[in-house]
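# structure for this input, please:
(one chain, ligands or ions: 1)
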Amino acid sequence: MRIRASIATASILHLRNYRIKVEPTTLYFMLSGKCEGSCLYCTHRKGYLSRIKWPEFSFKEVKSRIGKTRAKRICIQCPYMEGCMDALKKILEEIKNEKPISLSIAAISKEEMKMLKEEGVERIGIGLDCATEEIFNKWKKGVPSWKKYMEAIKNAKEIFGDATCHLIIGLGESDEEAISLMENMKKKGVRIALFAYFWKNKNVVDIHRYRVMQIARYVIEKGTKRKFLFENGRLLEMEIDEIDKKAFMTAGCPSCNRPFYNERVTKIYNYPYLLSEEEFERAVKEARKYAGIYIASE
Ligand code: SF4
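Presented below is the predicted three-dimensional model:
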């Protein structure tokens, strides 16, 4: 059996000898096999996921090294393909006692989720990726419908007790649409894993806008007081209670830091570590270049 691993994961497992700047706190794997979906923003067919290359290894080799790392979680990326559940079952049987396991997966049925839970999956992240149904229909091809994804998100929360919804900023959504999806997920008790659209080796999303989206996600997830003012879908101002460094860190399942998954090391969008004071001040300044941010504690 073979399995793909992100380059940073392969490095901390000593399967590859790359120098990495930040250690992944989750081990990222991907099932071998071809995704049958053809989402227009995805690079999976070329052996990548976002900007990350995923070399393939013998599963036996990988398995023997998992327990020796400090990573706190395992995340398995699941292409949308026939045989996905069978492949997962075989892998889960071997590693379910190593560390908590997340799956990053498309809309699957309630029965499949129950089976995965029994096989040892701790939680799942659903790749909704798009803020609205219209954007979803434009970008996501050959996968289940928006309605099925929404159902799957609801079921994931019910079955696993916690769930994550992946959202990409930069697919043509307005600020209001993105924030409205985040609020909608908050009502369902679902976390948002935020990504910046990365295409042809560069970030498509303006960093100033992304900083504001990160702050919005953070205050929404925290459930603190917030007020957003929009004009024609664009965010003009936000009033919030407080802000802290965690707002700019990678969001999603606990211990997921996805180092440099959707950015180059030189211009960090999702910080895979706790920011320094200087980085934090810069991030807040970047956000303020996009919208008025009024913080009650200031
Ligand atoms: S948030 Fe991170 S650990 Fe959770 S499913 Fe997404 S990539 Fe995996």
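
# low pLDDT regions in the chain?
Counting by pLDDT under 70, the chain shows low-confidence ranges at 44-52.

# what residues does it put near the ligand?
Counting by C-beta under 6 Å from any ligand atom, the chain comes close to the ligand at 26, 75, 102, 104, 125, 164, 166, 193, 252, 253, 256, 258. Every residue, glycine included, has its C-beta placed from N, CA and C.

# in what helix or strand does residue 216 lie?
Using DSSP states H and E, residue 216 maps to helix 207-222.

# which positions within that helix qualify as buried?
Neighbour-count burial for helix 207-222, counted by 16 or more other C-beta atoms under 10 Å, picks out 207, 209-222.

# check stretch 291-298 too.
Buried residues in stretch 291-298, defined by neighbour count with 16+ other C-beta under 10 Å: 291, 293.

# kindly report the same for stretch 275-295.
275, 280, 283, 284, 286, 287, 290, 291, 293.

# quick one: which two of these are the most distant?
Pairwise distances across these peak at 19.9 Å for 275 and 291 (criterion: C-beta to C-beta).

# in the stretch 151-298 of the chain, what residue lies closest to the ligand?
The minimum distance from the stretch 151-298 of the chain to the ligand, using C-beta to the nearest ligand atom, falls at residue 252 (2.3 Å).

# check which helix or strand covers the closest residue to that residue other than its chain neighbours.
The spatially closest residue to residue 252, leaving aside those adjacent along the chain, is residue 193, at 3.1 Å (C-beta to C-beta, 6 or more residues apart in numbering). Taking DSSP H and E as the criterion, residue 193 maps to strand 191-196.

# hey, C-alpha coordinates of that strand in CSV?
Only the C-alpha atoms of strand 191-196 are listed here, as CSV (Å, rounded to 0.1, in the frame of the first residue of the first chain):
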residue,chain,number,x,y,z
ARG,A,191,-15.2,25.8,12.8
ILE,A,192,-13.9,27.5,9.7
ALA,A,193,-10.5,26.5,8.3
LEU,A,194,-9.5,29.6,6.2
PHE,A,195,-7.4,29.5,3.1
ALA,A,196,-6.2,32.1,0.6
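
# starting at the chain centroid, how far to the helix or strand that comes right after it?
Downstream of strand 191-196, the first helix or strand assigned by DSSP H and E is strand 198-199. Centroid separation between strand 198-199 and its chain, computed with C-alpha atoms, centre = their mean, to the nearest Å, is 15 Å.

# run a quick neighbour tally on the nearest residue to residue 185 once chain neighbours are set aside.
By the measure of C-beta to C-beta, 6+ apart, the closest residue to residue 185 outside its immediate chain neighbours is residue 165, 5.2 Å from it. Using other C-beta atoms under 10 Å, residue 165 has 26 neighbouring residues.

# test my guess that residue 165 contacts residue 152.
No. With contact defined as C-beta atoms under 8 Å, residue 165 and residue 152 do not form a contacting pair (9.6 Å).

# quick check: neighbours shared by those two?
Residues touching both residue 165 and residue 152 (C-beta atoms under 8 Å, 6 or more residues apart in numbering): residue 126.

# could the buried residues of stretch 275-295 go into CSV alongside distance to residue 202?
Below are these laid out as CSV (distance: C-beta to C-beta, whole Å):
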residue, distance to residue 202
275, 23
280, 25
283, 20
284, 24
286, 17
287, 21
290, 19
291, 23
293, 26
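
# rewinding a little: which strands and helices lie in contact with the strand holding residue 193?
Strand 191-196 sits against strand 163-169, helix 175-188, helix 207-222, with contacts defined as 3 or more C-beta pairs under 8 Å, 6 or more residues apart in numbering; DSSP states H and E.

# strand partners (parallel or antiparallel) of it?
Paired strands of strand 191-196, with direction, are strand 163-169 (parallel) (DSSP bridges).

# list the buried residues in the partner strand.
For strand 163-169, by 16+ other C-beta under 10 Å, it's 163, 164, 165, 166, 167, 168, 169.

# beta partners for the second one?
So the one you mean is residue 164. Counting by DSSP bridges, the residues bridging with residue 164 are residue 125, residue 191.

# related to what we said a few turns ago, the residue nearest to residue 252 reaches residue 249, doesn't it?
No. Using C-beta under 8 Å as the test, residue 193 is too far from residue 249 to be in contact (11.6 Å).

# of those two, who's got more company?
Ranked by neighbour count (other C-beta under 10 Å), residue 193 and residue 249 place residue 193 first, with 23 against 18.

# who's in contact with that one?
Shown in contact with residue 193 (C-beta under 8 Å, 6+ apart): 125, 164, 165, 166, 167, 250, 251, 252, 253, 256.

# can you check residue 7 too?
By C-beta under 8 Å, 6+ apart, the contact list for residue 7 reads 16, 18, 20, 52, 53, 54, 55.

# fine, thanks again, bye for now.
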